[in-house]
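A.B. asks: quick one: sequence plus predicted model below, questions after.
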Amino acid sequence: QLQLVESGGDSVQAGGSLTLSCSFAGVTYNGCMAWFRRAPEKEREGVATLDSKQRTSYSYSVKGRFTISKDPHKNILYLQMNNLQADDTATYYCAALPDSDLCENLPDFGDWGQGLQVTVSS
């Protein structure tokens, strides 16, 4: 089973930037990878996905501000977050499917990190 370890969470002012990292250990990764978040009293939200063909997708709320990417040599998934707003405050999770590009299966079949907190103050 993949081991996912997130880092980079912090508290920032509105308009600021953060980069979240998710490192993988255990096996070579070839499937869909993604970032999710859950804000207090809200449903979990898929933020960004990246598949094995380097195709990306973003939620409407973050499109144009967040960028998902991967360093295949270091086995790290990133989420660059710019122009952060108070509504971005949430616990962020990375998730991955080892060998499938069916990103829609992540919630039920993906491996997940432990989550980290991002707090944006206005």
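C.D. replies: All right, it came through fine.
A.B. asks: gap between residue 88 and residue 26?
C.D. replies: Distance, residue 88 to residue 26, by Cβ to Cβ, to the nearest Å: 30 Å. Just so you know, the C-beta spots here come from the backbone N, C-alpha and C atoms, and that holds for glycine as well.
A.B. asks: what do you get for residue 75?
C.D. replies: According to Cβ to Cβ, residue 75 stands 9 Å off from residue 26.
A.B. asks: and the most centrally placed residue in the chain, which of the three is it?
C.D. replies: Of all residues in the chain, the one closest to the mean position by Cα atoms, centre = their mean is residue 35, 2.2 Å from it. State at residue 35, reduced to three classes by DSSP: H, G, I helix; E, B strand; the rest coil: strand.
A.B. asks: that one: what's it in contact with?
C.D. replies: Shown in contact with residue 35 (Cβ atoms under 8 Å, 6 or more residues apart in numbering): 20, 22, 46-48, 66, 68, 77, 79, 92-95.
A.B. asks: list just the nearest of those residues to residue 104.
C.D. replies: Within the contacts of residue 35, proximity to residue 104 (Cβ to Cβ) peaks at residue 46, which comes in at 9.2 Å.
A.B. asks: how about the nearest residue to that closest one once chain neighbours are set aside, what does it touch?
C.D. replies: What sits nearest to residue 46 in space, not counting adjacent residues and going by Cβ to Cβ, 6 or more residues apart in numbering, is residue 36, at 5.5 Å. Shown in contact with residue 36 (Cβ under 8 Å, 6+ apart): 44-47, 92-95, 106-107.
A.B. asks: same deal with residue 106?
C.D. replies: Contacts were defined as Cβ under 8 Å, 6+ apart; by that measure residue 106 touches 32, 34, 36, 46, 49, 95-97.
A.B. asks: from those residues, keep the buried residues only.
C.D. replies: When burial is judged by neighbour count using 16 or more other Cβ atoms under 10 Å, the buried members of these are 32, 34, 36, 46, 49, 95-97.
A.B. asks: cool, thanks, signing off.
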